[in-house]
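Engineer: After the sequence you'll find the predicted model.
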Amino acid sequence: KAGVTQTPRYLIKTRGQQVTLSCSPISGHRSVSWYQQTPGQGLQFLFEYFSETQRNKGNFPGRFSGRQFSNSRSEMNVSTLELGDSALYLCASSPRAGGETQYFGPGTRLLVL
Amino acid sequence: QKEVEQDPGPLSVPEGAIVSLNCTYSNSAFQYFMWYRQYSRKGPELLMYTYSSGNKEDGRFTAQVDKSSKYISLFIRDSQPSDSATYLCAMSDQAAGNKLTFGGGTRVLVKP
């Protein structure tokens, strides 16, 4: 089976712009979660989608949003980018909701200038 | 104080030694415990998954969970230079769905 894929892999934006990141889960997986990884804060949970519904949300401002499509692919959007949004954004997929093993993609590295 | 604490290292060991990693946590609701390995500039790779307390072995890797002490461990036997990476513990509870809470990661260096 193909693993989790994320596009683009690298992105450079300037402050105030918005960005959309994409994630394709492992075939048959219906849960997609997003995480932000920074050197200072480590890996932090952004949100989880299951069957097109957001099930859980982390402590991030409303500038961070996401959605999931009927084929389980997911996108996350960050509006009005700030310098502090520079990070590795990781997507993880899981077969079902709740306590399942999660498999991570390679991430999208975002640099905000 | 963070919910999950993990020594950042670095932990340097000679090739062939046993690598011992651990995490402590404060949330007694955590039931699912995972260990991930992350190489530089890559996504985390799942190594071990354990539900509730007990031991689990997979090849050179052994994971232990002690819920009474809120303490989990990962042991890597016969360590190899290719094991040099950052190791992250992660945990979740049923009520939080698939939300994982991570430790900060321990950087491990296995010297030939």
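Structural biologist: Alright, I've got the coordinates. Residues are numbered from 1 along each chain as shown, chains lettered A, B, ... in the order given.

Engineer: contacting residues for the closest residue to B:Lys42 other than its chain neighbours?
Structural biologist: Spatial nearest neighbour of B:Lys42, excluding adjacent residues (CB to CB, 6 or more residues apart in numbering or on different chains): A:Pro106 at 6.1 Å. C-beta coordinates here come from the backbone N, C-alpha and C atoms, glycine included. Applying CB atoms under 8 Å, 6 or more residues apart in numbering or on different chains to A:Pro106 gives the contacts A:4-6, A:9, B:42-43.

Engineer: Get me the contact residues on chain A for chain B.
Structural biologist: Applying CB under 8 Å from any CB of the partner chain, we find that chain A lies next to chain B at A:4, A:31, A:33, A:35, A:42-45, A:48, A:50, A:55-56, A:58, A:90, A:92, A:94, A:97-107, A:109.

Engineer: The same query, at a cut-off of 6 Å, please.
Structural biologist: A:31, A:33, A:42-43, A:45, A:48, A:55-56, A:90, A:94, A:97-99, A:101, A:104-107 (CB under 6 Å from any CB of the partner chain).

Engineer: Just the ones in strands from the residues you listed, please.
Structural biologist: Of the positions in those, A:31, A:33, A:42-43, A:45, A:48, A:55-56, A:90, A:94, A:104 sit in strands, assigned by DSSP state E.

Engineer: so what strands line up beside the lowest-mean-pLDDT helix or strand in chain A?
Structural biologist: Lowest on mean pLDDT, DSSP states H and E among the helices and strands of chain A sits strand A:53-57, with a mean of 92. Partners of strand A:53-57 in the sheet, by DSSP bridges, are strand A:42-50 (antiparallel).

Engineer: tell me the mean pLDDT over the strand it pairs with?
Structural biologist: The average pLDDT within strand A:42-50 is 95.

Engineer: can you list the residues that contact that strand?
Structural biologist: Contact with strand A:42-50 is made by A:30-37, A:54-58, A:60, A:64, A:66, A:68, A:74, A:97, B:97-99, B:102, B:104, as judged by CB atoms under 6 Å, 6 or more residues apart in numbering or on different chains.
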